[in-house]
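Novice: coordinates only, sequence not included:
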Ligand SMILES: C[S@@+](CC[C@H](N)C(=O)[O-])C[C@H]1O[C@@H](n2cnc3c(N)ncnc32)[C@H](O)[C@@H]1O
């Protein structure tokens, strides 16, 4: 994917065919472990102790959008900040598998507190699903790990930011992610109605709109008129759960 004429813009990419290709009520059947995780009331970490920290999981709607974006754009390399209990990581890894890719650790998941606070639950989910070959877990603060990855010159086609939700951390994540995202790639912010996340999104909209074009999430969601109206109202008032930007060119 790239920004120039050889490559379509986001609306070209998705509008025409999205409606017919996207099943709004897509289930999580593509990954039984993911389905089980979202049906559970508790999750068991490495120590064998159950804990009830499932509220940190991405919403199923987010996973649907991520899944559709992955299947549609066929990214080679992806990255997420925030492994948590592994909801999004399972979606990324299973989608790389379903795209017919051999396991090459093509999804990097950064999480500073995976062992200490999450009892390795996300890593365990990935292992149990037989998807470890697709996921490269980096247990480190995102500000340090993203800097290291940026220095290595790697680029990613889709990056999901769902780590710390404090302004300075989200801004720092985006500072590196704006470079780490390949031209033509996508940046997704979870919890984009949270005040600190909104500040970063507003910064991008005001200062980087030449390079980062905001995309309508509804392209990957239910297509009914009420659903669209609800989405546009939420967008107007910064109440959307997920915000997507398409990187169309390198920032100056
Ligand atoms: C909301 S959870 C992620 C949920 C996950 N994306 C999912 O779908 O299940 C947020 C995660 O970010 C991690 N985290 C928080 N602050 C971080 C930071 N500064 N650097 C790296 N990871 C961080 C936490 O340990 C936690 O696991």
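Specialist: Received the coordinates, thanks. Predicted model only: the values in this text are computed from it and were never measured. Numbers count the residues shown, from 1 in each chain.

Novice: Pull up the residues of the protein that are close to the ligand.
Specialist: 56-58, 81-88, 110-113, 117-118, 141-142, 162-164, 169 (Cβ under 6 Å from any ligand atom). (Glycine included, C-beta is placed from N, CA and C.)

Novice: quick one: which of these sit in strands?
Specialist: 81, 110 (DSSP state E).

Novice: Mind telling me which residue of the stretch 51-200 of the chain is nearest the ligand?
Specialist: residue 84 (2.8 Å; Cβ to the nearest ligand atom).

Novice: Measure how buried that residue is and give me the count.
Specialist: Residue 84 sits with 26 neighbouring residues when counted by other Cβ atoms under 10 Å.

Novice: now it, nearest residue through space, not along the chain?
Specialist: residue 56 (4.8 Å; Cβ to Cβ, 6 or more residues apart in numbering).

Novice: Also residue 99?
Specialist: Using Cβ to Cβ, 6+ apart, the nearest residue to residue 99 is residue 74, at 5.6 Å.

Novice: The one you found contacts residue 96, correct?
Specialist: No. Contact criterion Cβ atoms under 8 Å: residue 74 and residue 96 do not qualify, at 9.5 Å.

Novice: And those two? Which one has more around it.
Specialist: Higher neighbour count among residue 74 and residue 96: residue 96, with 26 against 14, using other Cβ under 10 Å.

Novice: List the contacts of that one.
Specialist: Listed by Cβ atoms under 8 Å, 6 or more residues apart in numbering, the contact set of residue 96 reads 70, 78, 103, 106, 107, 134.

Novice: Can I take it that it is in a helix?
Specialist: Yes. Per DSSP: H, G, I helix; E, B strand; the rest coil, residue 96 lies within a helix segment.

Novice: can you offset everything so residue one is 17?
Specialist: From this message on, residue numbering opens at 17, which makes the last subject residue 112.

Novice: pLDDT value on it, please?
Specialist: With respect to pLDDT, residue 112 scores 98.

Novice: so where's this protein shaky on pLDDT?
Specialist: Low-confidence segments of the chain (pLDDT under 70): 17-42, 69, 238-239.

Novice: cutoff 50 now
Specialist: Across the chain, the ranges flagged by pLDDT under 50 are 17-40.

Novice: centroid residue for it?
Specialist: Using Cα atoms, centre = their mean, the residue of the chain that lies closest to the mean C-alpha position is residue 176, 2.9 Å off.

Novice: shouldn't that residue be in contact with residue 96?
Specialist: Yes. Checked against Cβ under 8 Å, the pair residue 176 and residue 96 is within contact range at 4.1 Å.
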